[in-house]
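>>> Attaching a predicted model along with its sequence, questions to come.
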Amino acid sequence: MHSGRGLLAVGLVLLLAGARAQGDDVVAAMIGEPDPLTDAYVEAQARFGRSIYSCLEQTGCRLMSQLIKAIDMQQYFGNPNAVTTFLAPTDQAVNDFLAATGKTLQQLQNDKQLIFRLLRYHSLARAHRTDYFPAPGNDVKKAKTLIPGLFVQLYTDARGGYHVGALENSAQLVRGKYDLVCGRSVFHVINQVLRPFKITTG
């Protein structure tokens, strides 16, 4: 059986390579159908950063970059050819998550299995800019995460704010910090850590 780290690594390696696994339902669920940013789009937009990892630093999401370091996944999130959507919680969002779960940052960094699952849930299997979100008042759209079988819900409020619904909570995209082109990925900063399951406190 694959470990949590192994599954994340397999999913990310295949996603970065643009490969499609044949007859492997788990990998297929992790990868989904590719929706890469076109060369024209990438060239038309000013790249905000070279990769997801560099964009974390540039947007001030330093606690998320620390969590990636804690599981030694810098090489995957630092790949400029990754094609995905990364939902990056702010430092305040991570601190709120720690307070709500009664954990210290060190305790979270030591819980590598939880970090893997959170990172997979915050990584979408396709590149979704905000023009993919439904219009205000319309139904939600589902987006695959890198956890097989788990989705997030994308919707827009009456004021034009973009939201992501998780199984246990929801988050809003931070104005001025979404639709960032990071390598070949789309990067959105969000104001909450998304929870795909109930987190054990303490």
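Happy to help now that I have it.
>>> which SS class is A143?
Applying DSSP: H, G, I helix; E, B strand; the rest coil to A143 yields a three-state assignment of strand.
>>> Kindly apply the preceding question to Q109 instead.
Of the three states, Q109 takes helix under three-state DSSP.
>>> go on, the one 5 residues further on?
Secondary structure, three-state DSSP: L114 is helix.
>>> Tell me the spacing between the closest residue to Y121 other than its chain neighbours and D131.
The spatial neighbour of Y121 that comes closest, neighbours along the chain excluded (C-beta to C-beta, 6 or more residues apart in numbering), is P196 at 4.4 Å. Every residue, glycine included, has its C-beta placed from N, CA and C. When distances are taken as C-beta to C-beta, to the nearest Å, P196 and D131 turn out to be 25 Å apart.
>>> and these two? which has more neighbours close in?
Between P196 and D131, counting by other C-beta atoms under 10 Å, P196 is the more crowded of the two (19 against 6).
>>> correct me, but the more buried one touches G149?
No: between P196 and G149 there is no contact under C-beta atoms under 8 Å: 10.4 Å.
>>> so what's the nearest residue to D139 once chain neighbours are set aside scoring on pLDDT?
Leaving aside its chain neighbours, D139 sits nearest to Y155 (7.8 Å; criterion: C-beta to C-beta, 6+ apart). Y155 carries a pLDDT value of 96.
>>> Same question for G4.
Per-residue pLDDT puts G4 at 49.
>>> again with H163
H163 is assigned 97 on the pLDDT scale.
>>> so what's it bridging to?
Each beta-bridge partner of H163 is listed here: Y155, Q172, as defined by DSSP bridges.
>>> Tell me who's in contact with it.
With contact taken as C-beta atoms under 8 Å, 6 or more residues apart in numbering, H163 is in contact with L154, Y155, T156, D157, S170, A171, Q172, L173.
>>> That concludes my questions; thank you for your assistance.
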